[in-house]
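Participant: A predicted structure for the sequence below; I have some questions about it.
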Amino acid sequence: MDAYLSKFALAGHSRGGHTAFSLALGYANTNTSLKFSALIGLNPVAGTGRSSQLPPAILTYEPSSFDITVPMLVIGTRLGNENENALFPPCAPVDVNHTEFYRECRASCYQLVTKDYGHLNMLDDDAPKLVTCLYKEGSSCKDVMRRTITGIMVAYFKAVMGEEDGDLMDILKHPGLTPMTLDPIEYRLA
């Protein structure tokens, strides 16, 4: 049985978000004939700072510089760029986090930021304390965050792949419908 791949999405969290954008930009070490229909970065991170990007260094610090023609969704966390303590840097530092990824996206693109959550709130509840205690996390329920982000992703896929944009437009225009605070919400349509 052949897989149905006429609509193919690429997504990743944290450095996996960087990898997803890198693949969409053509930085794969393998040739593929797959064409992406959509791209999602879940709190993507491209390194520890502007001068220390992960290879490949894809951030140019120029608006709309990504040469990607598919719709893109960037979901960020407000607390991801904050330190929990002075010994460890933030998980998603300024200049290499979701904000810069969204700035470099071309239309059509969307950015939704979870106001009261941190970068690691997307992890399972039983993630090792050694990991979760080092970085800033929100005090709200992780399950609510994960369910909300899943709902946003489903609405996005329906809009960009199924051409049913009602749910996504409702979220963008009435963010109070979601069980968590999204701020900011930004988008640029082609």
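Facilitator: Okay, I see it.

Participant: looking at it, Thr114 is touching Ile75, isn't it?
Facilitator: Yes: taking C-beta atoms under 8 Å as the contact criterion, Thr114 and Ile75 are neighbours in contact, 7.2 Å apart. Every C-beta, even on glycine, is put in place using the N, C-alpha and C of the backbone.

Participant: so what sits against both of the two?
Facilitator: Common neighbours of Thr114 and Ile75, using C-beta atoms under 8 Å, 6 or more residues apart in numbering, are Ile149.

Participant: just the strands in the chain please.
Facilitator: Per DSSP state E, the chain carries strands over the ranges 9-13, 38-42, 47-49, 52-53, 72-77, 109-114, 182-188.

Participant: most packed of those?
Facilitator: For the strands of the chain, average neighbour numbers computed from mean count of other C-beta atoms under 10 Å are highest in strand 72-77, which has a mean of 27.

Participant: From the contact counts, what lies against it?
Facilitator: strand 38-42, helix 98-104, strand 109-114, helix 142-161 (3 or more C-beta pairs under 8 Å, 6 or more residues apart in numbering; DSSP states H and E).

Participant: rewinding a little: could the strands of the chain be laid out in a markdown table, adding mean pLDDT and distance to Thr19?
Facilitator: What follows is the strands of the chain, written out as a markdown table (pLDDT from 0 to 100; distance: least, C-beta to C-beta, whole Å):
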| stretch | mean pLDDT | distance to Thr19 |
| --- | --- | --- |
| strand 9-13 | 94 | 5 |
| strand 38-42 | 97 | 10 |
| strand 47-49 | 94 | 12 |
| strand 52-53 | 96 | 13 |
| strand 72-77 | 96 | 14 |
| strand 109-114 | 96 | 18 |
| strand 182-188 | 95 | 23 |
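
Participant: any chance of these in JSON lines, with distance to Met169 too?
Facilitator: Rendered in JSON lines, the data for those read as follows (distance: least, C-beta to C-beta, whole Å):
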{"stretch": "strand 9-13", "distance to Met169": "19"}
{"stretch": "strand 38-42", "distance to Met169": "16"}
{"stretch": "strand 47-49", "distance to Met169": "34"}
{"stretch": "strand 52-53", "distance to Met169": "34"}
{"stretch": "strand 72-77", "distance to Met169": "14"}
{"stretch": "strand 109-114", "distance to Met169": "11"}
{"stretch": "strand 182-188", "distance to Met169": "10"}
